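Student: quick one, fold the following:
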Amino acid sequence: MQVPAHVEYEKATSVQHALALLARYGPEAKILAGGHSLIPMMKLRLAQPEVLVDINGLTDLCYIGRAGDELRIGTLTRHAQLLDSQLAGEHFQIMHDAERVIADPIVRNWGTVGGSLCQADPSEDLSAAFAAVRGTMVIQGPGGTREVSARAFHTGPYETVVGPSELLTEIRLPIRPERQRGGSAYLKVARRAGDWPVGAAGAAVWLADAGGGKQSIADVGIGLTAVGAAHFVAAEAEDFLTGRPADEETLARAGQIAAEHCRPVTDQRGPADYKRHLVRELTTRVLRAAVARAGGPAS
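Tutor: Predicted structure coming up:
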């Protein structure tokens, strides 16, 4: 029988109250949002916080909206809300792609975007998606608010830059001008529907006119998950792609570069060689899809 260890419970009534509770209890306190990752770990005694600080009542942290040239997502936004958001899908199709393959409707209806990111599981889908579009994480603490790039947010497996007295409050995604033709996509291979990925890739591409009816890649972001990519990013493949033609040969070579630089491990989901093969194929395919959505030649 899986039973958590004894734990105290506090319900926060505001962001400032949550921060005060975190400061009072220190590193032995854990934030409770959706709880779909934390509670199972507690039942297995892999996590044994002394205090749970429940922030589910902080409805002001549950929103999706546009402010200037940014899409802003509150940390308590549920996966289902992000999946259903027309605004998010209009500017970042990658978010809908990723949310469709996260767990099941029960989890998506209660699990939160911020909770998934802060859990920092090495196989988290949204970590790769937000890395691909170069999001920014807004963290609030006793000393005020600070911003951290999505690519610097995770410091290791189940570790982030959020301090014990801090709270992730918002994710901001830059919206490019319409003249910068962009597209994004996410693809995942799992053992069964709703499972953690064996391997997954996300890409965001912006195209430029290279003359003669051809397109070049003006900018690109590639996120990888479950395959040992540092900070969930295929940086070497991004560097290779920038400024090159948006053709099949270039995209395939980028997939190969991404595979060469990731560090998958053999585990219950598959051998390392197979995962590296997935990185090559998924990166190529997701780049192809993103280029096509941006109005380029790939399909």
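
Student: just for the stretch 101-250 of the chain, where's the confidence low?
Tutor: Scanning the stretch 101-250 of the chain for pLDDT under 70 picks out no residues.

Student: where along it do the helices fall?
Tutor: Counting by DSSP state H, counting those that start in this stretch, residue ranges of the helices within the stretch 101-250 of the chain are 105-110, 113-119, 125-132, 150-153, 235-241, 248-261.

Student: strands of this protein, start to end?
Tutor: Counting by DSSP state E, the chain has strands at residues 8-11, 29-32, 51-54, 64-67, 70-74, 136-141, 144-149, 154-156, 159-160, 167-174, 182-190, 197-211, 214-225.

Student: pipe those into TSV and attach distance to residue 271 and mean neighbour count per row.
Tutor: Quick note: C-beta positions are derived from backbone N, CA and C, even for glycine. Formatted as TSV, the entries for the strands of the chain read as follows, by distance: least, CB to CB, whole Å; neighbours: other CB atoms under 10 Å:
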stretch	distance to residue 271	mean neighbour count
strand 8-11	43	14
strand 29-32	34	22
strand 51-54	38	20
strand 64-67	39	14
strand 70-74	36	21
strand 136-141	33	20
strand 144-149	32	12
strand 154-156	23	15
strand 159-160	26	14
strand 167-174	34	21
strand 182-190	14	24
strand 197-211	10	24
strand 214-225	17	24
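
Student: the top helix by length along the chain: how far from the chain's middle?
Tutor: With DSSP state H setting the assignment, residue counts place helix 272-293 as the longest helix in the chain. Relative to the chain's own centre, helix 272-293 is displaced by 17 Å; criterion: CA atoms, centre = their mean, to the nearest Å.

Student: now for that helix, which elements pack on it?
Tutor: Applying 3 or more CB pairs under 8 Å, 6 or more residues apart in numbering; DSSP states H and E, we find helix 272-293 packed against strand 182-190, strand 197-211, strand 214-225, helix 248-261.

Student: so which of those is nearest residue 104?
Tutor: Distances from residue 104 to each of those were compared using CB to CB; the shortest belongs to strand 182-190, at 11.9 Å.

Student: angle of the closest one against helix 272-293?
Tutor: Going by axes from the mean of the first three to the mean of the last three CA atoms, to 10 degrees, strand 182-190 is angled at 150 degrees with respect to helix 272-293.

Student: and strand 182-190, what other elements does it pack with?
Tutor: In terms of contacts (3+ CB pairs under 8 Å, 6+ apart), strand 182-190 is packed against helix 93-100, helix 125-132, strand 197-211, helix 272-293.

Student: swap in 10 Å and give it another go.
Tutor: Secondary structure elements in contact with strand 182-190, counted by 3 or more CB pairs under 10 Å, 6 or more residues apart in numbering; DSSP states H and E, are helix 93-100, helix 125-132, strand 197-211, strand 214-225, helix 272-293.
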